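Q: I'd like to go over a predicted model; first the sequence, then the structure.
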Amino acid sequence: MSPTRPTTSAFPGVAAHGHVTFLGAGPGDPGLLTLRAVEALGAADVLIAEPDVLDVVRTHARATVDTPQLTVADEKSAAAGVPVIRDAVNLVMEAARSGRRVVRAVTGDPGLDGNTAEEMLVCASEGIPFEVVPGIPTAVGVPAYAGVPLRERGDGNGVRFVDARTASARCWTEAGASDGILVVSSTLETVSAAAAELVGAGRKPDTPLTVTVAGTTTRQRTWCATLGTIAQVFKQGKVLPSPEGARPVIAVVGEHGAAARRDELAWFESKPLFGWRVLVPRTKEQAASLSDQLRSYGAVPHEVPTIAVEPPRTPQQMERAVKGLVTGRYEWIAFTSVNAVKAVREKFEEYGLDARAFAGIKVAAVGEQTAASLVEFGVKPDLVPSGEQSAAGLLEDWPPYDPVFDPIDRVFLPRADIATETLVAGLIELGWEVDDVTAYRTVRASPPPADTREAIKGGGFDAVLFTSSSTVRNLVGIAGKPHNVTVIACIGPATAKTAEEHGLRVDVLSPEPSVSKLAEALAEYGAARREAAKEAGETVFRPSERRPGARRRRTT
């Protein structure tokens with residue numbers, strides 16, 4: 001439990017209260033949170049969020065924030081898609097009365113989607129200060145992601161919003177009589193019935209219609225039909241009902257020039273790796289930037305650690321080397337991995353040292369991430385390979401020892417217990433003495449959860465990125481061999497050779513030994529695959545949807 005804020009007031013005789021922020025979390029894409037929303041979440045003592053947005057907002061809250069769960073008290077209302085607010089009122093008021101800062105997070109926008117007016121009125125009646133942080137409404141954000149603009153220049157007709165789950169007969173009559181664009185919030189079960197209601201109220205059966213499920217997420221899918229054909233389209237496509245608790249389906253109805261060119265405007269669903277589940281055999285810390293890059297291509301990264309890092313069995317060598325840094329024993333220190341930086345940094349902190357201990361020592365780093373972790377520590381590398389980011393690349397740029405210009409001839413090389421001897425031998429050949437120190441040990445990680453192992457072997461992943469030979473060996477060892485429909489992408493020839501030795505077909509080879517180039521190469525592969533399918537007049541399927549027994553039509 002996080003500590004409560006003081007309930008005393010700065011004004012004598014006036015009781016202090018908490019504060020409530022009614023916050024819109026947007027239609028689903030975590031990137032659509034506003035800056036003000038992120039700021040409010042960071043200051044919250046209590047976070048009361050609808051279940052489908054909890055993962056979106058929880059990331060930005062403090063680790064100590066309380067997150068009481070909302071309960072569904074009215075099954076009939078929940079089935080109809082009506083937010084159950086009574087429990088939320090009680091939770092909000094209980095927390096606010098205790099003097100804490102409360103964030104009440106809802107899908108979309110609090111005013112249009114969240115139906116939080118009753119909660120706001122209770123706050124007002126008790127004198128509890130509150131604010132509203134608007135979010136992107138579902139009925140606005142989803143069409144934008146589907147490539148369906150709601151207005152065009154010169155279009156004088158208005159846009160009407162209807163919730164089919166609660167609309168009255170009068171509402172359908174008015175909507176059917178209008179000529180403007182209609183945005184309908186519905187479910188997969190009721191969208192056909194809503195189309196029939198509109199036809200019955202006067203809309204023409206050939207009126208264009210787009211239906212989008214799981215909008216703004218990587219599960220998004222859009223169908224184009226008419227009011228008269230949508231039921232048949234769903235039947236032929238064997239579209240399954242909306243899962244319990246799914247976000248509303250958004251249908252856009254009406255004659256609209258831009259909507260007719262949706263193939264050109266569907267920017268989100270046409271991303272090169274849209275919806276691909278990509279296995280990244282690295283820890284979350286190692287894979288952070290890689291996963292962000294994959295998301296920018298529309299993919300869903302899934303990090304699975306294949307190695308675990310442990311301290312060396314005999315730490316005395318590492319301790320002597322770190323003391324030697326302080327006493328001036330070394331001219332250079334060379335870091336070949338993020339884990340090496342972490343190992344040295346932890347030893348520094350153990351001795352009460354910081355980045356100032358590197359004063360007067362030249363620092364070399366292999367790889368962008370290794371250099372970035374040094375900068376985060378407060379150390380700017382003096383040498384990063386200008387070419388290949390490897391031990392060989394570092395040796396190409398490393399200066400030979402010169403007794404005139406180099407007062408000390410020794411290099412400190414903290415590395416893993418299984419690292420190769422290439423760098424050590426190369427430095428000795430250049431005239432340097434090397435203290436080759438085991439800074440950490442790499443061991444095979446524990447197997448991932450059973451469902452992840454089943455997805456790997458059963459073809460549930462669309463692609464896997466192998467960033468080293470050890471990731472190939474360890475992933476196969478702890479989880480099994482990826483299914484033959486899974487696209488295999490390797491960072492270099494050595495890794496590709498190891499993959500082939502394990503019976504894997506290598507589909508993508510990075511042009512450079514860089515994780516960012518590897519992700520880029522996979523995106524190019526995905527784009528070419530998508531374009532080939534479109535040119536052949538075929539439906540674009542993800543690799544995992546090609547495996548035997550895959551449910552190709554499941555949308556959420």
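A: Arrived safely, thanks for sending. None of these values were measured; they are calculated from a predicted model. Residues are numbered from 1 along each chain as shown.

Q: figure out how far stretch 229-242 is from the centre of its chain.
A: Stretch 229-242 has its C-alpha centroid displaced from the chain centroid by 30 Å (Cα atoms, centre = their mean, to the nearest Å).

Q: so how far is the first residue of that stretch from its last?
A: 19 Å (Cα to Cα, to the nearest Å).

Q: and what of stretch 378-395?
A: Using Cα to Cα, the two ends of stretch 378-395 sit 24 Å apart.

Q: show the average pLDDT along it.
A: The average pLDDT within stretch 378-395 is 87.

Q: what's the answer for stretch 280-299, then?
A: Per-residue scores along stretch 280-299 average to 83.

Q: mind checking the SS state of residue 120?
A: Classification of residue 120 using DSSP: H, G, I helix; E, B strand; the rest coil returns helix.

Q: just the residues contacting whichever helix in the chain runs longest, thanks.
A: What stands out as the longest helix in the chain, according to DSSP state H, is helix 515-535. For helix 515-535, the external contacting residues (Cβ atoms under 8 Å, 6 or more residues apart in numbering) are 270, 272-273, 276, 278, 289-290, 293-294, 297, 368-369, 463, 465, 467, 487, 489-491, 507-511, 539-541. C-beta coordinates here come from the backbone N, C-alpha and C atoms, glycine included.

Q: again, only this time at 6 Å
A: 272-273, 290, 293-294, 297, 463, 465, 467, 489, 491, 508, 510-511, 540 (Cβ atoms under 6 Å, 6 or more residues apart in numbering).

Q: can you check stretch 196-203 too?
A: Here stretch 196-203 makes contact (Cβ under 6 Å, 6+ apart) with 172, 173, 176, 177, 205, 227.

Q: how far off centre is stretch 458-469?
A: Distance, centroid of stretch 458-469 to centroid of chain: 17 Å (Cα atoms, centre = their mean).

Q: and what of stretch 323-333?
A: In terms of Cα atoms, centre = their mean, the centre of stretch 323-333 is set 41 Å apart from its chain centre.

Q: now stretch 367-377
A: 22 Å.

Q: same question, stretch 57-76
A: Taking mean C-alpha positions (Cα atoms, centre = their mean), stretch 57-76 and its chain are 20 Å apart.

Q: may I have that stretch as CSV, with CA atoms only?
A: In CSV, the C-alpha atoms belonging to stretch 57-76 read as follows (Å, rounded to 0.1, in the frame of the first residue of the first chain):
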residue,chain,number,x,y,z
VAL,A,57,-1.9,3.3,-18.1
ARG,A,58,-0.2,1.1,-15.5
THR,A,59,3.2,1.5,-17.2
HIS,A,60,3.2,5.3,-16.5
ALA,A,61,2.2,5.0,-12.8
ARG,A,62,4.6,4.7,-9.9
ALA,A,63,5.5,1.2,-8.7
THR,A,64,3.8,1.9,-5.3
VAL,A,65,0.4,3.0,-6.8
ASP,A,66,-2.7,1.2,-5.5
THR,A,67,-4.8,-0.4,-8.2
PRO,A,68,-8.1,-1.6,-6.8
GLN,A,69,-10.0,-3.8,-9.3
LEU,A,70,-13.4,-2.8,-10.7
THR,A,71,-16.0,-5.6,-10.4
VAL,A,72,-18.8,-6.2,-12.8
ALA,A,73,-22.0,-6.0,-10.7
ASP,A,74,-24.5,-6.1,-13.5
GLU,A,75,-24.0,-8.9,-16.0
LYS,A,76,-26.9,-7.7,-18.2
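
Q: could I get the buried residue list for that stretch?
A: By neighbour count on 16 or more other Cβ atoms under 10 Å, the buried set for stretch 57-76 is 57, 60, 61, 65, 66, 68, 70.

Q: just the ones of these in helices?
A: Reading helices off the buried residues of stretch 57-76 with DSSP H, I get residue 57.

Q: can you map out the helices along the stretch 451-556 of the chain?
A: Assigned helices in the stretch 451-556 of the chain, in chain order: 469-479, 493-501, 515-535 (criterion: DSSP state H, counting those that start in this stretch).

Q: export those to CSV and tack on mean neighbour count, mean pLDDT and distance to residue 437?
A: As requested, the helices of the stretch 451-556 of the chain are exported to CSV (neighbours: other Cβ atoms under 10 Å; pLDDT from 0 to 100; distance: least, Cβ to Cβ, whole Å):
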stretch, mean neighbour count, mean pLDDT, distance to residue 437
helix 469-479, 20, 91, 20
helix 493-501, 17, 94, 25
helix 515-535, 18, 94, 26
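
Q: show the end-to-end separation of stretch 455-473, please.
A: Start and end residues of stretch 455-473 are separated by 18 Å (Cα to Cα).

Q: hmm, back to that, would CSV of the buried residues of stretch 57-76 with pLDDT and distance to residue 255 be doable?
A: Converted to CSV, those look like this (pLDDT from 0 to 100; distance: Cβ to Cβ, whole Å):
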residue, pLDDT, distance to residue 255
57, 96, 38
60, 96, 41
61, 96, 45
65, 95, 48
66, 95, 50
68, 92, 47
70, 81, 40
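
Q: return the member of the buried residues of stretch 57-76 nearest to residue 183.
A: residue 57 (24.7 Å; Cβ to Cβ).

Q: what sits against that closest one?
A: 25, 41, 49, 105.

Q: so which of those is surrounded by the most neighbours?
A: Most neighbours among the contacts of residue 57, by other Cβ atoms under 10 Å: residue 25, with 32 neighbours.

Q: quick check on that residue: phi, psi?
A: Torsion angles at residue 25 (phi, psi; degrees, to the nearest 10) stand at phi -90, psi 0.

Q: spatially nearest residue to it (excluding sequence neighbours)?
A: residue 53 (4.0 Å; Cβ to Cβ, 6 or more residues apart in numbering).

Q: do residue 510 as well
A: Nearest residue to residue 510, sequence neighbours excluded (Cβ to Cβ, 6+ apart): residue 518, at 4.0 Å.

Q: same check on residue 112?
A: residue 137 (4.4 Å).

Q: ok, residue 136 next?
A: Per Cβ to Cβ, 6+ apart, closest to residue 136 is residue 26, 4.6 Å.

Q: that older thread, got the helices of the stretch 451-556 of the chain as TSV, with distance to residue 332 columns?
A: Below are the helices of the stretch 451-556 of the chain laid out as TSV (distance: least, Cβ to Cβ, whole Å):
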stretch	distance to residue 332
helix 469-479	26
helix 493-501	26
helix 515-535	26
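
Q: among those, which comes closest to residue 189?
A: Between residue 189 and those, the tightest spacing by Cβ to Cβ is seen for helix 515-535, at 30.1 Å.

Q: ok and the closest one relative to helix 493-501, angle-wise?
A: 60 degrees (axes from the mean of the first three to the mean of the last three Cα atoms, to 10 degrees).

Q: for the helix or strand harbouring residue 442, give the mean pLDDT please.
A: Using DSSP states H and E, residue 442 sits in strand 433-444. For strand 433-444, mean pLDDT is 88.

Q: may I have the strands that pair with that strand, each with its orientation?
A: With DSSP bridges as the test, strand 433-444 is paired with strand 307-310 (antiparallel), strand 410-416 (parallel).

Q: remind me what the next helix or strand after the last one packs against, helices and strands.
A: Read that as strand 410-416. Per DSSP H and E, the first helix or strand lying C-terminal to strand 410-416 is helix 422-429. When contacts are defined as 3 or more Cβ pairs under 6 Å, 6 or more residues apart in numbering; DSSP states H and E, helix 422-429 packs onto helix 391-397, strand 433-444.
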